[in-house]
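Trainee: have a look at this prediction, sequence included:
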Amino acid sequence: LQQIVDQQLAPCLALKPDLITLSAGGNDLIRPGGDPDALAEKLDSVVQILAMGGATVVLFNGPDTGSSVLGRIRSKVAIYNENLRTVAARHDAIIADMWSLKQLNDPQMWDEDRLHFSPLGHHTIAAMVLDSLNVNHTLEPRHPKPLPARTWRAARTEDLVWAREYFVPWVVRRLRHRSSGDGITAKRPTPGPVFGSGVPLGSGEGPLGTTDARR
């Protein structure tokens, strides 16, 4: 959250936006000692600043992590989500309720690292956000593909591959006080239009008529 405050808050306000979406706190909760109450208190001060300009503020709560590798922080996420509702009520913000989005319990909604969402997960969340804003859109529900049954051995092999490729490197970065985002630039570091004129919201068509299913 502090990184968002330091790097994104001022540029966001400079745009004088009428709609602001804020998804923050997940990385803070994952870290040992992450305090959902202290985090929500800091978030409250950020939302207060954002709301002062008259913009509609959308806050993303955390997904239900009970069935994922993040299950160990489920109780902290639940506490943070309740605090988030208090923050939203105080500043007339809208909650994008990922906790109630049970489709996210499907493993195919998550990326291979089991920490971030897959294109299917992002599509599902995008439709939910538009619905929360009462915006008409053309995003159709997409469902996970049926997968063949896996043997216990195959599942454990996948777990070992995940641990080697993602979990162990994550632990090493934590010990070195580094982030997985270090050295990675944003997809669109400079603010600019995403949709061309006359293109309906949720169509997935960009300014040049291209389609990006992950948008």
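Mentor: Now that the structure is in, tell me what you want to look at.
Trainee: CA atoms for contacts and neighbours, from now on please.
Mentor: Noted.
Trainee: and Arg176, what pLDDT?
Mentor: You'll see Arg176 listed with a pLDDT of 81.
Trainee: do Arg214 as well
Mentor: At Arg214, the pLDDT value in this model is 32.
Trainee: again with Thr138
Mentor: pLDDT, Thr138: 92.
Trainee: let me know the secondary structure of it.
Mentor: With DSSP: H, G, I helix; E, B strand; the rest coil as the basis, Thr138 sits in coil.
Trainee: gap between it and Ala126?
Mentor: Here the criterion is Cα to Cα, to the nearest Å. By it, Thr138 lies 11 Å from Ala126.
Trainee: next: Ile79.
Mentor: For Ile79 relative to Ala126 (Cα to Cα), the value is 24 Å.
Trainee: and what of Thr56?
Mentor: Thr56 is 17 Å from Ala126, by Cα to Cα.
Trainee: how about the secondary structure of Val58?
Mentor: Per three-state DSSP, Val58 ends up strand.
Trainee: repeat for Leu130
Mentor: Applying three-state DSSP: Leu130 is helix.
Trainee: close enough to count as contact, it and His137?
Mentor: Yes. Proximity of Leu130 to His137 meets the contact threshold set by Cα atoms under 8 Å, at 7.1 Å.
Trainee: the more surrounded of those two?
Mentor: Neighbour count, other Cα atoms under 10 Å: between Leu130 and His137, Leu130 has more, with 17 against 13.
Trainee: residues contacting that one?
Mentor: Applying Cα atoms under 8 Å, 6 or more residues apart in numbering, we find Leu130 in contact with Asn136, His137.
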